[in-house]
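In: Generate coordinates for the sequence data below:
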Amino acid sequence: MLQGRFRLRILSAVLLSLIVIVGWSSVPVAESALGVNWGTVSFHKLKPSTVVDLLQDNKISKVKLFDADPDSLQALMGSGIQVMIGVPNEMLAALSSSTAASDSWVRQNVSRYMRKNGVDIRYIAVGNEPFLSSYSGQFQSYVMPALLNLQQSLAKVNLASYVKLVVPCNADAYESSLPSQGHFDLN
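Out: Just a heads-up that it's a prediction; the model follows:
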């Protein structure tokens, strides 16, 4: 029990440190909310309800999930935290192939969680940096068709005006590791 509390305190301290560092290093922003990425691939995985408690305790109001993990989404029910759900790159081919596939994905991962006291899903990230040069164009041809199919599927369940679709920009889009000194890569 003591070891669990110690881990929780360490994680809280790390999250708080990250928030402070990001806050100090950023320029003034138009919005006052702070969000974090919530990865579920971990050696010492915390219970999703514990993660949601940590997010709320640290006043983090936005979170990105890299996939539509049912346990994480269940834990976010009624939390008031705004959520971005990621579509893994490996699913882009299937979602680009038919609206039936995207209808099923939206039904299973979005609309079923969006009800009174449900999950506040605001965005769907179509892929995870799908244009990254190390993928050698593997996902490029699937991104736009998958996005269009997902948009149609959201429209069918009257969520297209509320849930927005985005394509995460890849890290190699900058020619410099310092964004303030960088330029976009012309490729």
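In: Please report the number of neighbouring residues for Trp105.
Out: Neighbouring residues of Trp105 were enumerated by other CB atoms under 10 Å; the total is 21. Every residue, glycine included, has its C-beta placed from N, CA and C.
In: got it, and Leu46?
Out: When neighbours are defined as other CB under 10 Å, Leu46 has 17 of them.
In: Which element, helix or strand, includes the most centrally placed residue in the chain?
Out: Computing the C-alpha centroid of the chain and ranking residues by CA atoms, centre = their mean puts Lys64 first, at 2.5 Å. If you go by DSSP states H and E, Lys64 is part of strand 62-65.
In: State the mean pLDDT of that strand.
Out: Rounded to a whole number, the mean pLDDT of strand 62-65 is 95.
In: about what we covered before: which residue is the nearest non-sequential neighbour of the residue nearest to the centre of the chain?
Out: Leaving aside its chain neighbours, Lys64 sits nearest to Met84 (4.3 Å; criterion: CB to CB, 6 or more residues apart in numbering).
In: So what's the gap between the helix or strand containing that neighbour and the chain middle?
Out: Under DSSP H and E, the secondary-structure element containing Met84 is strand 82-87. The gap between the average C-alpha position of strand 82-87 and the chain average comes to 4 Å, counting by CA atoms, centre = their mean, to the nearest Å.
In: For it, enumerate the helices and strands it packs against.
Out: When contacts are defined as 3 or more CB pairs under 8 Å, 6 or more residues apart in numbering; DSSP states H and E, strand 82-87 sits against strand 62-65, helix 70-76, strand 120-126.
In: Export these to TSV and append columns for distance to Asp103.
Out: Compiled in TSV, those are given as follows (distance: least, CB to CB, whole Å):
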stretch	distance to Asp103
strand 62-65	20
helix 70-76	18
strand 120-126	14
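In: out of these, which comes closest to Ser180?
Out: The minimum distance between Ser180 and the helices and strands packed on strand 82-87 falls on strand 62-65, with 23.1 Å, by CB to CB.
In: who touches that closest one?
Out: Where contact means CB atoms under 8 Å, 6 or more residues apart in numbering, the residues beyond strand 62-65 that reach it are 33-38, 40, 55, 72-73, 76, 81-86, 122, 125.
In: Thank you kindly, that will do.
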